[in-house]
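*Asks:* need a structure here:
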Amino acid sequence: MKGLLGENEAKTLVFETRFGIHTFFLKFPIDLLVLDDNGVVKLARTVKPNRIVFWNIRFKTVIELPLGTLHKTRTKIGDIIAL
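*Replies:* Sure, this is the predicted structure:
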């Protein structure tokens, strides 16, 4: 899965993966959420290009978001996200 790689602007993307993601070759920073069945377990604000973000392999649902989304929505660990 390529996520937002190759895109010219950020958009919300939900997908499943284990361990982590990278932003190599991404053209812009993003916000990131990792979910389990009970809600948000990890968040990362302003993940810049050419970075790697890891998390526990138990968690697999990931949401890539446009930069600033987590700040605007005041999302925090434990919040419930309905998909």
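
*Asks:* Okay, strands next: where are they in this structure?
*Replies:* 13-16, 20-22, 30-36, 39-47, 52-54, 61-66 (DSSP state E).

*Asks:* from these, which stretch is densest packed?
*Replies:* strand 30-36 (a mean of 22; mean count of other CB atoms under 10 Å). Yep, even glycine has a C-beta here, placed from its N, CA and C like the rest.

*Asks:* what packs against that one?
*Replies:* Applying 3 or more CB pairs under 8 Å, 6 or more residues apart in numbering; DSSP states H and E, we find strand 30-36 packed against strand 39-47, strand 61-66, helix 69-73.

*Asks:* right, and the ones you listed - which one's nearest L4?
*Replies:* The closest of the helices and strands packed on strand 30-36 to L4 is strand 61-66. By CB to CB, the value is 5.6 Å.

*Asks:* That closest one pairs with which strands?
*Replies:* Here strand 61-66 is paired, per DSSP bridges, with strand 13-16 (antiparallel), strand 30-36 (antiparallel).

*Asks:* what residues does it touch?
*Replies:* 3-4, 9-17, 21, 30-36, 81, 83 (CB atoms under 8 Å, 6 or more residues apart in numbering).

*Asks:* what's the spacing between L4 and K48?
*Replies:* 13 Å (CB to CB, to the nearest Å).

*Asks:* Compare those two (neighbour count), which wins?
*Replies:* Using other CB atoms under 10 Å, the more surrounded residue of L4 and K48 is L4, with 21 against 11.

*Asks:* Lovely, talk soon.
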